[in-house]
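*Asks:* The following block contains a protein sequence and its predicted model.
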Amino acid sequence: MTRVMHTGDTHIGYQQYHVPERRDDFLSSFRQVIGDAIAEDADAVVHAGDLFHDRRPTLSDVLGTLDVLERLDDAGIPLLAVVGNHEAKRDAQWLDLYESLGLATRLDDEPHVVDDTAFYGLDFVPRSQRDALDYDFAPHDASHAALVSHGQFKPFDYGTWDGTEIVAEATVDFDALLLGDEHKPGTKQVEETWLTYCGSTERASADEREERGYNIVTFDDAVQITRRGIDTRDFVFVEVELAPNDGLDRVCDRVGQYDLTDAVVIVHIEGDGEPITPAGVEEYALDRGALVARVTDHREFADERAVEVSFADPDEAVHERVRELGLSNAACDIDETIRASKVPDSNVADTVQSRIEDLVEEGDLSVFDGPPADQSPAEADGGQAADVDDEQPTPNETEDQTTDDETEDQPTDDETEDQSTMGEYL
């Protein structure tokens with residue numbers, strides 16, 4: 001029997017909402033998983049990619065992770081891992097650094113046997129390179145076999161990489177595919193093989209409301225997959241439905257019904273009522289002990305007045321300014337792709353190229369046309385563009401992170417100059 005802790009998408013180094021405490025939270029969650037593995041004497045910890053949030057972690061992130069892995073090594077428990085799309089570099093990977101120190105094993109097409117189970121690895125592979133894969137794995141003589149990989153796999157609804165093809169074409173019969181990239185846990189079966197996502201260990205997006213945790217996978221007469229949650233920072237989600245004449249006081253009353261101490265507070269406003277200044281709600285939450293507060297007003301107001309931009313929402317200011325430029329529908333779509341939080345900086349160029357190719361393939365080239373020469377951007381936008389300064393705001397660093405397949409492609413050649421190497425930290 002082999003019993004492993006299956007984790008992934010730890011995204012160490014992600015300073016979500018630009019606050020240092022959130023950066024610490026991601027490392028803390030990984031530390032909890034390792035602590036559980038040590039306490040329960042697991043046979044191994046399997047990490048399915050995105051150990052770090054990006055390819056350029058800070059020295060403190062590298063050393064903090066090193067400290068955690070040394071604890072695991074002292075307990076005699078191996079870490080078996082693959083490289084995800086967020087941390088992928090064109091040269092040596094950070095995982096290679098830890099392997100060189102004897103603290104991790106980077107899985108590949110050769111079996112790494114723990115007790116009676118052979119583990120293999122398949123790093124994240126961009127979509128453009130998947131057709132060339134042959135899924136040729138070296139044989140083993142263990143009782144069970146598992147493949148660890150990172151990507152958005154079919155038959156899951158969001159999949160673009162065919163997991164059923166891997167099961168069918170692999171030269172090894174896998175009992176399970178232990179997967180990363182999707183932050184929501186899930187399990188499916190393809191013939192005799194189980195495909196399972198462990199989910200992320202911290203909320204990298206406000207959309208991730210479910211409890212965070214990891215999988216415990218046991219290989220015995222059959223494969224058994226169980227789920228375990230971990231303690232993470234509280235996210236308080238407040239849904240406010242405003243009636244006519246309701247305003248800021250009503251929103252604050254609803255927010256004040258929760259314990260906000262050290263929490264990330266996410267407020268969504270619907271219904272009628274008066275316009276709300278997000279900064280007022282955020283200030284109210286922060287005064288009551290919240291670590292972070294973010295407000296989204298989903299209502300629309302017919303208002304011809306100049307827009308007052310709140311510093312609480314710089315992304316909205318950028319969106320408003322871009323809307324004034326009179327860009328084509330395609331250009332607006334590309335702008336959204338570039339600024340979207342779900343697309344890591346390292347993948348923007350490939351994602352934009354893919355999106356343009358999709359638009360051309362759809363055949364409606366009018367999406368590339370801007371407004372008529374005699375029509376102002378405001379007229380093209382229905383007269384709703386605001387009267388603001390000519391200076392264009394600079395978009396702030398995006399705050400949330402998701403795992404849509406759009407984030408998959410690796411850095412382009414012209415980006416490799418900015419990649420840090422392990423030598424900087426040695």
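*Replies:* Received it, and whenever you're ready, just let me know what you need.

*Asks:* switch to C-alpha atoms for all contacts and neighbour counts from now on
*Replies:* Noted.

*Asks:* So in terms of bridging, what pairs with the closest residue to residue 106 other than its chain neighbours?
*Replies:* Leaving aside its sequence neighbours, residue 106 sits nearest to residue 81 (Cα to Cα, 6 or more residues apart in numbering; 5.2 Å). Beta bridges link residue 81 to residue 47, residue 106 when assigned by DSSP bridges.

*Asks:* pLDDT-wise, which helix or strand of this protein ranks last?
*Replies:* When each helix and strand of the chain is scored by mean pLDDT, DSSP states H and E, helix 377-380 comes last, with a mean of 50.

*Asks:* Please, where are all the strands along the stretch 151-300 of the chain?
*Replies:* 153-154, 161-162, 176-180, 186-190, 193-197, 213-219, 223-229, 235-242, 264-271, 292-297 (DSSP state E, counting those that start in this stretch).

*Asks:* Show me what the closest residue to residue 294 other than its chain neighbours is bridged to.
*Replies:* Excluding the flanking residues, the one nearest residue 294 by Cα to Cα, 6+ apart is residue 266, at 5.1 Å. Beta bridges link residue 266 to residue 237, residue 294 when assigned by DSSP bridges.

*Asks:* Next one: residue 331, what pLDDT does it get?
*Replies:* If you check residue 331, the pLDDT there is 75.

*Asks:* For it, grab the count of nearby residues.
*Replies:* Residue 331 is flanked by 17 other residues according to other Cα atoms under 10 Å.

*Asks:* swap in residue 100?
*Replies:* 10.

*Asks:* How about residue 166?
*Replies:* Residue 166 has 19 neighbouring residues, counting by other Cα under 10 Å.

*Asks:* Quick check: closest non-adjacent residue to it.
*Replies:* Nearest residue to residue 166, sequence neighbours excluded (Cα to Cα, 6+ apart): residue 135, at 6.7 Å.

*Asks:* sec struct for the one you found, please.
*Replies:* Here residue 135 is recorded as coil under DSSP: H, G, I helix; E, B strand; the rest coil.

*Asks:* Give me the pLDDT for it.
*Replies:* For residue 135, the predicted pLDDT is 95.

*Asks:* Repeat that for residue 373.
*Replies:* For residue 373, the model assigns a pLDDT of 56.

*Asks:* Who are the packing partners of the helix ranked longest in the chain?
*Replies:* Ranked by number of residues, the top helix in the chain under DSSP state H is helix 20-39. With contacts taken as 3 or more Cα pairs under 8 Å, 6 or more residues apart in numbering; DSSP states H and E, helix 20-39 sits against strand 2-7, strand 44-47, helix 59-74.

*Asks:* Give me the average confidence score over the shortest one.
*Replies:* The predicted model gives strand 44-47 an average pLDDT of 98.

*Asks:* cool, and the longest one?
*Replies:* Confidence over helix 59-74, taken as the mean pLDDT, stands at 97.

*Asks:* ok, residues contacting it?
*Replies:* The contact list for helix 59-74, computed with Cα atoms under 8 Å, 6 or more residues apart in numbering, reads 12-13, 27, 31, 34, 38, 78-79, 98, 103-104, 425.
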